[in-house]
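Chemist: pasting the structure only:
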């Protein structure tokens, strides 16, 4: 509250006030958050300095701008997050041919310049002035800020030279210097990974390795793999993983390995999945055996039909996990198998549709065929009919194969569930939904009743998600009355509110049944 009175008192003596009194006034305004008054005092003192320097220097005023004055102003502007003010302060210092008096002020000015793209160019100008004067002596933070500017403006070679200069002038040990350089590189990998700029990422990675200033670490590879994943470049993810393992004896973190496995599964690249699995799991430490990685591995191998590999991963997780088994691991395999069951159901449906189309094609060919011996189309029509019959036979074979696979999937689902109970883990709602979805494709209503009994036995509270799966099973089996009865029970007995998915299932099956 006394600040206005103090400023009035200072105003009465400012023409004769010594520099320390100006500084006291600035610090006082800074401490109470009156940055505008700090800036006003700075501009006034700067004007006094400029007028004196432009005169014949006959009488020096009691106070002129000094480096410590700029330091006070810079800290006040920084505390109020006034980037524009810091940029203006830098210009004011240049106008009086003055450099920042300490490295902290220098770093504040560098940082302000980097915050505004339009103001980045003065970074090098200020650096060159400081470098020529050898004052203030730049620290690691100063070099890091300049390197950020150089890399952001595609001056990679200059950035590498700056890192070498940082190593020599900051008297860093080899390990410390490499750590600082790697941290700078990783900050750019992080930014480009978020934006998906893989071209810049690869170019900087090559420069990083070539320069020898820092070796990539796990974070480096993880950030690059994340960037490739966001860009949808799975091939680059696989190449980077192999290079990390073979060339640098590094590998990305378990989470990114899981992301890679999921991408390969979505693409259907079974061979690459198996290669990554063999390379990774052979020498994982206990700290790397985490639920995230193994959940994805087990789920994705189950989805593509590699059930034995999924069980192998399950057994490895059981023996090497420091925290014991987790229901998430079992649910991963159950839902992976349910997804595989859904795939086989769709493939069988597609083959039946194919058979129907081929039979219609044969019927059309026979109707359009001319029995005259002179007709040149008769041999061609006969060949087409024969080919259609061969395609029908092939479709039946595929249907038989998929039905056999469905039975195999069901046995594996029961196997997983039994193992889970033997390990003393009770099912949860996600387990039961996975079981319903697994039996959905074969419309095994007896098994659905078993699942409902499991829910009652293990006190699992059923939800709309579960009943949506049950409604879909009943609808596919053509049990429309039972489907509607289950829908009513869901609302009346359990008090569940049907969501959009449940209503869509009901409408879909009512429409199909006419």
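Modeler: Yep, that arrived. Small disclaimer: the values here were computed from a predicted structure and weren't measured.

Chemist: Who are the packing partners of the helix or strand where residue 357 lies?
Modeler: Element membership of residue 357 [criterion: DSSP states H and E] is helix 327-368. Here helix 327-368 touches helix 291-303, helix 307-320, helix 378-422, helix 429-440, going by 3 or more CB pairs under 8 Å, 6 or more residues apart in numbering; DSSP states H and E. Heads up, the C-betas are built off the backbone N, CA and C, glycines and all.

Chemist: in the following helix or strand past the shortest one, what's buried?
Modeler: Going back to what we said before, that points to helix 429-440. Under the assignment DSSP H and E, the closest C-terminal helix or strand after helix 429-440 is helix 445-457. Buried residues in helix 445-457, defined by neighbour count with 16 or more other CB atoms under 10 Å: 447-448, 451-452, 454-455.

Chemist: now stretch 52-69, how far from the centre of its chain.
Modeler: 56 Å (CA atoms, centre = their mean, to the nearest Å).

Chemist: Look at that stretch and report the distance between its end residues.
Modeler: Using CA to CA, to the nearest Å, the end-to-end distance of stretch 52-69 comes to 17 Å.

Chemist: Which residues outside that stretch are in contact with it?
Modeler: Outside stretch 52-69, the residues that touch it by CB atoms under 8 Å, 6 or more residues apart in numbering are 15-19, 21-23, 26, 42, 45-46, 48-49, 96, 98-102, 105.

Chemist: same thing with stretch 494-511?
Modeler: 462-465, 467-468, 471-472, 474-476, 480, 483-484, 487, 490-491.

Chemist: Mind checking which of the residues you listed land in helices?
Modeler: In this view, these that belong to helices under DSSP state H are 464-465, 467-468, 471-472, 474-476, 480, 483-484, 487, 490-491.

Chemist: out of those residues, who has the most neighbours?
Modeler: Greatest neighbour count in the ones in helices among the contacts of stretch 494-511, by other CB atoms under 10 Å, goes to residue 471: 27 neighbours.

Chemist: which residues does the nearest residue to residue 211 once chain neighbours are set aside contact?
Modeler: Among residues not flanking residue 211 along the chain, residue 160 sits closest, at 4.7 Å (CB to CB, 6 or more residues apart in numbering). Applying CB under 8 Å, 6+ apart to residue 160 gives the contacts 207, 211, 213.

Chemist: again, 10 Å this time
Modeler: Taking CB atoms under 10 Å, 6 or more residues apart in numbering as the criterion, residue 160 is in contact with 147, 150-151, 181, 207-208, 210-213.

Chemist: one step back: output the helices and strands packed on helix 327-368 as JSON lines; include the columns distance to residue 194 and mean pLDDT.
Modeler: Shown next, in JSON lines, are the helices and strands packed on helix 327-368 (distance: least, CB to CB, whole Å; pLDDT from 0 to 100):
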{"stretch": "helix 291-303", "distance to residue 194": "21", "mean pLDDT": "77"}
{"stretch": "helix 307-320", "distance to residue 194": "31", "mean pLDDT": "77"}
{"stretch": "helix 378-422", "distance to residue 194": "38", "mean pLDDT": "87"}
{"stretch": "helix 429-440", "distance to residue 194": "31", "mean pLDDT": "83"}
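
Chemist: Using a markdown table, please lay out the ones you listed together with distance to residue 495 and mean neighbour count.
Modeler: Listed next are the helices and strands packed on helix 327-368 as a markdown table, based on distance: least, CB to CB, whole Å; neighbours: other CB atoms under 10 Å:
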| stretch | distance to residue 495 | mean neighbour count |
| --- | --- | --- |
| helix 291-303 | 32 | 24 |
| helix 307-320 | 37 | 18 |
| helix 378-422 | 28 | 15 |
| helix 429-440 | 16 | 23 |
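
Chemist: export these to a markdown table and tack on distance to residue 346?
Modeler: Output for the helices and strands packed on helix 327-368, formatted as a markdown table (distance: least, CB to CB, whole Å):
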| stretch | distance to residue 346 |
| --- | --- |
| helix 291-303 | 13 |
| helix 307-320 | 19 |
| helix 378-422 | 10 |
| helix 429-440 | 12 |
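
Chemist: closest to residue 328 out of those?
Modeler: Closest approach to residue 328 among the helices and strands packed on helix 327-368 (CB to CB): helix 291-303, 5.4 Å.
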